[in-house]
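Asks: Output the structure for:
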Amino acid sequence: MHAETRDFICSECPKTFTRARTLRDHIQTVHGDKSVKDYKCGECDFASHSRHSLSNHVQNKHREEKKYLCTLCDFAAKYPGNLQVHTNSVHAQKRDFKCDKCEWAFTRKSVLDDHVRTVHGDKSIKDLKCKDCWYATHSRHALKEHRKQHHAPKRFVCATCDFRTAVKRTFKNHLRCRGHESAVGEVV
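Replies: Residues are numbered from 1 along each chain as shown. Now for the predicted structure:
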């Protein structure tokens, strides 16, 4: 048996890897833009910024037997730890992630990170960029909304005029404001 050499070095941190693919996954997962979710589940609407996260999702949600059942809703988990995280964040609203700049607390670190970035961060630094156009923002939520509005398939089509949109609330607003409610339209 021979030891594999760790020739692939992360340019962002001191980690090293034996394979280029593992290094690429690490960079995208740890250092990449987590608001851009290129890896999409083929069985539900889940999307992720990393191949590893998508693989975990498919394994946990669609492939393995989920024997740990929530007693308060229809959630099921493969591992007891996943059920505990679900219970704490959804039902107990256990807020262990506290903001050190204000009194807010959150159920998940990712939500705290977004809060710090959007509420306390420098809003003039627009370092989250749309992969399809020039748009840039400081807010993950704003980038997600931009991508939904401008780059998602325009599934909602008005039956009265040629208006179409990807956003359901925009479609409903169009129908109400234009008086097109009687001709409901369709979802393509």
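Asks: alpha carbons only for contacts and neighbour counts from here, please
Replies: Will do.
Asks: give me every residue that touches residue 121.
Replies: By CA atoms under 8 Å, 6 or more residues apart in numbering, no residues touch residue 121.
Asks: whoops, residue 148 was the one
Replies: Applying CA under 8 Å, 6+ apart, we find residue 148 in contact with 166-167.
Asks: For residue 99, see how far away residue 114 is.
Replies: Note on residue 114: its distance to residue 99, by CA to CA, to the nearest Å, is 11 Å.
Asks: Excluding chain neighbours, what is closest to residue 51?
Replies: Leaving aside its sequence neighbours, residue 51 sits nearest to residue 39 (CA to CA, 6 or more residues apart in numbering; 6.1 Å).
Asks: was I right about that neighbour contacting residue 50?
Replies: Yes - with contact defined as CA atoms under 8 Å, residue 39 reaches residue 50; the gap is 6.4 Å.
Asks: higher neighbour count, those two?
Replies: residue 50 (23 against 16; other CA atoms under 10 Å).
Asks: how far away is that one from residue 30?
Replies: 9 Å.
Asks: got it, and residue 133?
Replies: Residue 133 sits 24 Å away from residue 30, going by CA to CA.
Asks: what does residue 39 give?
Replies: In this view, residue 39 and residue 30 are 15 Å apart by CA to CA.
Asks: Then residue 121?
Replies: For residue 121, the distance to residue 30 - CA to CA - is 20 Å.
Asks: And residue 166, by the same measure?
Replies: Per CA to CA, residue 166 is found 30 Å from residue 30.
Asks: Could you check which of these two has the larger neighbour count?
Replies: Ranked by neighbour count (other CA under 10 Å), residue 166 and residue 30 place residue 166 first, with 19 against 13.
Asks: care to break this structure down by domain?
Replies: Domains of the chain are assigned by automatic domain parsing as 1-32, 97-150, 156-187.
Asks: Dump these to CSV, plus mean pLDDT.
Replies: Below are these laid out as CSV (pLDDT from 0 to 100):
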stretch, mean pLDDT
domain 1-32, 75
domain 97-150, 81
domain 156-187, 76
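Asks: Quick one: these as TSV, columns for distance to residue 84 too.
Replies: Below are those laid out as TSV (distance: least, CA to CA, whole Å):
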stretch	distance to residue 84
domain 1-32	24
domain 97-150	12
domain 156-187	33
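Asks: how about the strands in the protein?
Replies: Along the chain, the stretches classed as strands by DSSP state E are 8-9, 16-17, 39-40, 47-48, 68-69, 76-77, 97-98, 105-106, 128-129, 136-137, 156-157, 164-165, 186-187.
Asks: among the ones you listed, which is nearest residue 60?
Replies: Smallest distance to residue 60 across the strands of the chain (CA to CA): 7.1 Å, for strand 76-77.
Asks: So what are the sheet partners of the closest one and their directions?
Replies: strand 68-69 (antiparallel) (DSSP bridges).
Asks: Contacts for the strand it pairs with, please.
Replies: For strand 68-69, the surrounding residues in contact (CA under 8 Å, 6+ apart) are 75-80, 83.
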